[in-house]
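Participant: let me see the structure of the following:
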Amino acid sequence: MDVVHPSANPEEIYVQIAATDVAGLTDYYIQPYYAQANDSTSINEASDDSSSTGKKKRLHYKQAFNDHWLREDTLKDWVARDPVDKYAVICKVCNCKLTNTNKTGLLAHVECKKHQKNLGTNGSSAPLSRFTKKLFVEDIDDKVARAEIILSAFVAEHNTLFAHADHLVECMKYMFPDSVIASKLAWKRTRTSHIVQEGIAFQERQDLVSICQRQRFSVITDESTDISDSQVLGIVVRYFDEKRCKVVDSLLDVIKVEDGSGTGLYNAFRNLLQDKQIPLSNILGFASDNCTTMTGSESEFQQHLKRDIGDIFVMGCVCHSFVLCANNASISLPSWLEEFIKNLCIYFSHQSVQNNTFSWIQESGNADCNILKCETRWLARENVVNRILEQWDELLLYFQTVGLKDAGDGTSYIYQTMNAAGTKHVLLFLSYILSKVNAMNLEFQSESFRIHKLYDVISGEYRSILGMFIKDDIIKSRQLSEVDPYDVRLHKKLSEVDVGGRCMAQLTRQPLGEKEEQFRTDITKFLMELCGQMRTRFLFSDESVIAKLRIMDPKNITNAIPGAERPSIISLAIHFPSVVMEAQLDLLDEQWRNLYFARSSTNNLAGLEPPEFWSRLKEIVDNDLQPKYGLLSDFMCSLLVLPHSSACVERIFSQVNQAKTKPTSRLHCDTVANTLIAKEAVMAQNSGCYAWTPSKRLLEDVKEGRCCKRFKDKLGMYKKEGNLDFVDLSLYSSGDVDGGGDEHH
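Facilitator: As a prediction, the model looks like this:
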């Protein structure tokens, strides 16, 4: 190692390191390393302040964390990703953060005295060759096992048929004849299935079950029918990952059910947890779509759940609720409107000649050439309405041309409707109001923690929509729960009803005359029904649990106004007696009060999201080095798992339809579930299958053949139980699945 001190900056040390790659070639890298007076190991980029010297401003490159470092033998044992700063590296040996450093800087850090001392060495500078030699320690069996796991991860992530492995591995041997690893690959359909199901998925499910056995979690479920007409129940668990300070949604299983009633679904759900020895008492929350089977006062599933878990938090899917609100409100609109939108979309969906003619008109007018597609849900129709408005002139010109000669395909009706007074006005209003509802819908489709925002977001938009047709003084003087949208005595005059800015401008440019009163009446009925549906599905009361959960927002602490009323945490805690016991309420209230009055102690936590804020709050200690807010931190971290929607399990079912298609419709439900779990495991590292790092435990399982053994044990158990229908059809080619073929067990 050569050290050069440039005269321009006496604190800047350039470290020149010779690094040997796997091919035996030597490259030299020069990296600025800054020596700090306090012997810090932080590596930072050089200052670019050149205004005083008049020299040319130096360009800087910010190095983000590279996932390949986690696989290099010289680095993988001591480097870790920083959960917050993507330009930082955590040294697990020194327990410090290295910022904006590259591989050369990391190797330089290995040489520093602090790192050597923490490793337990004598502090002498170890030669770099000691680390580079480790690149060749991994034997050929390890490399072959790693290659087979990565290829299996590719199959799982991209929904590739397992049978494709037969030809893929032969192609690799043909393309890379000089590769020792490729020549030793025994990776075909059977081995692929074993690694995906009894390797990657087995360990991922095992880790998830272990988490559910020891900490609080919530359950998010949905039932559906797949392409083979089998009724399946998807079960996702939401838990708090303390290591990553993150709320995580993970698929526990997708199970086939014979009884689709509420009782049948609950029995299947409970049996699954009992088989995996997961205590029901660890379940804190439950969410599902708003079907009567799963939720609602008459739901058998919910009744059984509350019988076994008394204080469970039950939440109907917020996103489904918005859809139902919009669909029910649309009934108040004129019947011709829905017929017009459907006919217009259907007209272009199956007729290529019309598409070509309309595309020519669009190109002439420099308009977007996308063809309209009809949706069944009114919230989804916002895109259709916006597309019609964007292409209004082109559509009108097209139907004016072809509508003169009605060929029985509805062109004349569409043109007459578009040309009628009020059609564009209604579409402009719908574009405005549906965008408001969709904004709330999209907000809560996120899988991150959102429940602390639920009440403020929904009540704010609800108040805004009420203000469109309810008198202003009523909105200002009453609580939302006291305003009945169906009470016509509270309504504004029709001429004062707000219809949106663009619609109002259209009314000014093209007055409707006598039809305006009917137009505003229809708009008022729609708004009234929309608010009535929202009032039925959401509890707009400051005393509701959803409203109390607002105190989980860290801004209540970090941005609190001095002298403002302090919200009570006890009013929230009493709804979760299984999380905090009665005897702990005094301590919980005391820690909450102390935190509120000692806000300066959380200055370094300002700006963090709730999961990280409440987790890191435990790091604050008292004079005895004990957590100062330990009980408060544990209570809040437990509530982080509360669900707000079932969007995550809906995404799972969309993946089920990708994995179980028409050619693979006979796949066993276990195979589909295992493939999805393996896919989740690969994508959890945010690196893709090509950069995914399998665990040492998985490598050992593949090398020792434990994956195959587990599969054979499971197959033997099914045969012993007399379940002769159990066949892993993932081992068949697509042609075999369709027409039957030889078994490959």
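Participant: can you give me the distance of the most centrally placed residue in the chain to Pro567?
Facilitator: The centroid of the chain falls nearest to Glu447 when counting by CA atoms, centre = their mean (3.8 Å). For Glu447, the distance to Pro567 equals 27 Å [CB to CB, to the nearest Å]. For every residue, glycine as well, the C-beta is placed using N, CA and C.
Participant: what does Tyr718 give?
Facilitator: With the distance defined as CB to CB, Tyr718 ends up 55 Å from Pro567.
Participant: what of Ile523?
Facilitator: Counting by CB to CB - Ile523 and Pro567 are separated by 38 Å.
Participant: so between these two, which is more surrounded?
Facilitator: More neighbours surround Ile523 than the other of Ile523 and Pro567, with 25 against 14 (other CB atoms under 10 Å).
Participant: give me every residue that touches the more buried one.
Facilitator: Val426, Phe429, Val497, Val499 (CB atoms under 8 Å, 6 or more residues apart in numbering).
Participant: now do the contacts for the closest residue in space to Cys317 that isn't next to it in sequence.
Facilitator: Spatial nearest neighbour of Cys317, chain neighbours left out: Ser646 (4.2 Å); criterion: CB to CB, 6 or more residues apart in numbering. The contact partners of Ser646, by CB under 8 Å, 6+ apart, come to Ile220, Thr221, Asp222, Ala287, Ser288, Asp289, Cys317, Cys319, His320.
Participant: which among those gets closest to Lys712?
Facilitator: Thr221 (31.8 Å; CB to CB).
Participant: that closest one contacts Ile652, correct?
Facilitator: No - when contacts are counted by CB atoms under 8 Å, Thr221 is not listed as touching Ile652 (10.3 Å).
Participant: now for those two: what residues contact both?
Facilitator: In contact with both Thr221 and Ile652: Gly234, Val236, using CB under 8 Å, 6+ apart.
Participant: for the longest helix seen in the chain, buried residues please.
Facilitator: Assignment by DSSP state H gives helix 515-537 as the longest helix of the chain. Buried residues in helix 515-537, counted by 16 or more other CB atoms under 10 Å: 516, 519-520, 522-524, 526-535, 537.
Participant: next one: stretch 414-431
Facilitator: The neighbour-count check on stretch 414-431 (16+ other CB under 10 Å) flags 414-415, 417-418, 422-431 as buried.
Participant: closest to Pro485 out of those residues?
Facilitator: Phe429 (17.3 Å).
Participant: ok, now how distant is the closest one from Gln506?
Facilitator: Taken as CB to CB, the span from Phe429 to Gln506 is 9 Å.
Participant: what's the answer for Ala598, then?
Facilitator: Using CB to CB, one gets 56 Å for the distance from Ala598 to Gln506.
Participant: quick one: low-confidence residue ranges for the stretch 351-500 of the chain.
Facilitator: Where the stretch 351-500 of the chain drops to pLDDT under 70, the residues are 351-379, 403-409.
Participant: apologies, that question was intended for the stretch 101-250 of the chain.
Facilitator: Along the stretch 101-250 of the chain, segments meeting pLDDT under 70 span 120-138, 228.
Participant: which residue ranges of the stretch 551-700 of the chain form helices?
Facilitator: All helices of the stretch 551-700 of the chain, identified by DSSP state H, counting those that start in this stretch, fall at 555-558, 570-573, 585-597, 610-616, 630-639, 647-659, 669-683, 696-704.
Participant: how many neighbours does Thr293 have?
Facilitator: 20.
Participant: list the contacts of it.
Facilitator: The contact partners of Thr293, taken as CB under 8 Å, 6+ apart, are Glu223, Gly260, Ser261, Gly262, Leu265, Ser299, Glu300, Phe301.
Participant: that's a helix at the first one, yeah?
Facilitator: No - the assignment for Glu223 (DSSP: H, G, I helix; E, B strand; the rest coil) gives strand, which keeps it out of a helix.
Participant: tally of neighbours for it?
Facilitator: Residues lying near Glu223 (other CB under 10 Å) number 23.
Participant: quick one on the thing from earlier: would you point out the most distant pair within the contacts of Ser646?
Facilitator: Longest span within those, CB to CB: Thr221 and Cys319, 15.0 Å.
Participant: just to revisit the earlier point, next step: the contacts of Thr293 restricted to strands.
Facilitator: Counting by DSSP state E, the contacts of Thr293 place Glu223 in strands.
Participant: show the buried residues in the contacts of Thr293.
Facilitator: Neighbour counting by 16+ other CB under 10 Å classes Glu223, Gly262, Leu265, Ser299, Glu300, Phe301 among those as buried.
Participant: for the last one, give its distance to Gly410.
Facilitator: Separation of Phe301 from Gly410 (CB to CB): 44 Å.
Participant: quick one: the helices in the stretch 301-450 of the chain, in order.
Facilitator: Remark: helices assigned in the stretch 301-450 of the chain by DSSP H, counting those that start in this stretch are 318-330, 335-349, 352-364, 381-390, 392-402, 411-419, 423-443.
Participant: out of the ones you listed, which comes closest to Cys91?
Facilitator: Shortest distance between Cys91 and the helices of the stretch 301-450 of the chain, using CB to CB, is found for helix 423-443: 38.2 Å.
Participant: now the closest one, how far from the chain's geometric center?
Facilitator: 25 Å (CA atoms, centre = their mean, to the nearest Å).
Participant: what of stretch 492-500?
Facilitator: With CA atoms, centre = their mean as the basis, stretch 492-500 stands 40 Å off its chain's centre.
Participant: mind listing what's buried in that stretch?
Facilitator: Buried residues in stretch 492-500, counted by 16+ other CB under 10 Å: Lys492, Val497, Asp498, Val499, Gly500.
Participant: any idea how far apart the tips of it sit?
Facilitator: Using CA to CA, to the nearest Å, the end-to-end distance of stretch 492-500 comes out at 15 Å.
Participant: now stretch 625-634
Facilitator: Start to finish, the residues bounding stretch 625-634 are 17 Å apart (CA to CA).
Participant: picking that back up, for the contacts of Ile523, which one is nearest Leu324?
Facilitator: Phe429 (20.5 Å).
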